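[1] Next come a sequence and a model predicted from it.
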Amino acid sequence: MIVNKAEVVIGRVVLVVVLVLTVLPLVGLLSGALQPADRIPGGISWPADPQWGNFADAFRTAHVWQLLGSSALIVLGVVPLSLVMATLAGYALGNLRIRGGRVVFLVFVLGLTIPFEAIIIPLYYQITDMGLLNTRWAIILPLIGLYMPFGVVWMRAHFIGVPAELSEAARIDGASTFQEIRRIQLPLAAPALSSLAILLFLWTWNQFLLPLVLVDDPDKRTMAGALGAFQGQYLNQLPLMFAAALIIMLPTIVIYVIFQRQFIKALLQGAVKG
């Protein structure tokens, strides 16, 4: 592919602009978090006496240790089950080509268009009837269902690009369907699975609306969901709120930085197949 200098310059300018727009809010949060707790931050300005103790105060008052444990339990309940179900459904729709698969696939695609906010009220009554209100299951079960459309479509896009000759060769060698999945399909699907796991982790960790509506106890919510209760208690202490927001964002940033290569690899793999 031949790229002229103008395209290179435009591409770099766009990347710089996107980088600045991405970093500026984080810089603003950090500068605001370092202001005195009783001061209202205004714009981006580095304080003369940074109050690093705001992070310790926010960590303590926001019950971060309890929230870390609660978020970890919710993530462990959502991500593995979602990966298993999305992988099996994606394999059935993309590789087995089952009867009625196109209709089922269209139903999943339709599910991608439904926003969380549109179903939060009926979901609240359904969770109440099931007796799961104010428990972590009230977050785990709806998230698994809400993530299924994207997960199935994502995994189907991978499996539909796997050569059918591999499945035929496995069947000739006497492998069952689950043996083929375990020994052939899953190793090939590692990039797609890892990137999907990263996305599910980020979405679950940063889930705000469902925990806020379905769970009253802030210590049983996700870290992002508990920020609403923290906001109500410390509305007049914005630096503490900014510090709490940065603490909540830190795990997601670390996870993405660690696994960004796998995520980019899966995206590029999908682009080549398409």
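    Everything's here; your move. Numbers count the residues shown, from 1 in each chain.

[2] elements contacting the top helix by length along the chain?
    Longest helix in the chain by number of residues (criterion: DSSP state H): helix 238-273. Under the contact criterion of 3 or more C-beta pairs under 8 Å, 6 or more residues apart in numbering; DSSP states H and E, helix 238-273 touches helix 5-33, helix 53-61, helix 137-159, helix 190-205, helix 223-233. Every C-beta, even on glycine, is put in place using the N, C-alpha and C of the backbone.

[3] Now render these as JSON lines, adding distance to residue 240.
    Output for the helices and strands packed on helix 238-273, formatted as JSON lines (distance: least, C-beta to C-beta, whole Å):
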{"stretch": "helix 5-33", "distance to residue 240": "8"}
{"stretch": "helix 53-61", "distance to residue 240": "5"}
{"stretch": "helix 137-159", "distance to residue 240": "25"}
{"stretch": "helix 190-205", "distance to residue 240": "21"}
{"stretch": "helix 223-233", "distance to residue 240": "8"}
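
[4] Could you dump those into CSV and include mean pLDDT?
    CSV is the format used below for the helices and strands packed on helix 238-273 (pLDDT from 0 to 100):
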stretch, mean pLDDT
helix 5-33, 84
helix 53-61, 80
helix 137-159, 91
helix 190-205, 87
helix 223-233, 68
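
[5] Could you say which helix or strand holds residue 127?
    For residue 127, the element it lies in under DSSP states H and E is helix 116-129.

[6] buried ones in that helix?
    For helix 116-129, burial by neighbour count (16 or more other C-beta atoms under 10 Å) applies to 123-124, 127.

[7] Just send those back as CSV, with distance to residue 175 too.
    Output for the buried residues of helix 116-129, formatted as CSV (distance: C-beta to C-beta, whole Å):
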residue, distance to residue 175
123, 41
124, 46
127, 42
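
[8] so can I have a markdown table of those showing pLDDT and distance to residue 237?
    Formatted as a markdown table, these follow (pLDDT from 0 to 100; distance: C-beta to C-beta, whole Å):
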| residue | pLDDT | distance to residue 237 |
| --- | --- | --- |
| 123 | 90 | 33 |
| 124 | 91 | 31 |
| 127 | 91 | 33 |
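
[9] Nearest to residue 190 among the residues you listed?
    Among these, residue 123 lies closest to residue 190 (C-beta to C-beta), at 33.3 Å.

[10] wait, what's in contact with that closest one?
    142, 210, 214 (C-beta atoms under 8 Å, 6 or more residues apart in numbering).

[11] thought the first one was touching residue 130?
    No. With contacts counted by C-beta atoms under 8 Å, residue 142 stays clear of residue 130, the gap being 10.6 Å.

[12] and those two? which has more neighbours close in?
    The neighbour count for residue 142 versus residue 130, taken as other C-beta atoms under 10 Å, is higher for residue 142 (22 against 12).

[13] residues near residue 209, how many?
    14.

[14] okay but it is in contact with residue 117, surely?
    Yes. Here residue 209 reaches residue 117: they are 6.9 Å apart, a contact under C-beta under 8 Å.

[15] ok, residue 202 - how many residues close by?
    Neighbour tally, residue 202, other C-beta under 10 Å: 16.

[16] wait, isn't it in contact with residue 252?
    Yes. With contact defined as C-beta under 8 Å, residue 202 reaches residue 252; the gap is 5.3 Å.

[17] the inter-axis angle of the longest helix of the chain versus helix 53-61?
    Direction vectors for helix 238-273 and helix 53-61, defined by axes from the mean of the first three to the mean of the last three C-alpha atoms, to 10 degrees, enclose an angle of 80 degrees.

[18] Now do helix 238-273, average pLDDT.
    Averaging pLDDT along helix 238-273 gives 73.

[19] For residue 68, give me its contacts.
    residue 223.

[20] Please state the backbone phi and psi of residue 34?
    Per-residue torsions, residue 34: phi -90, psi 0 (degrees, to the nearest 10).

[21] just the one 5 residues further on next, same as before
    Main-chain torsions, residue 39, degrees, to the nearest 10: phi -110, psi 150.
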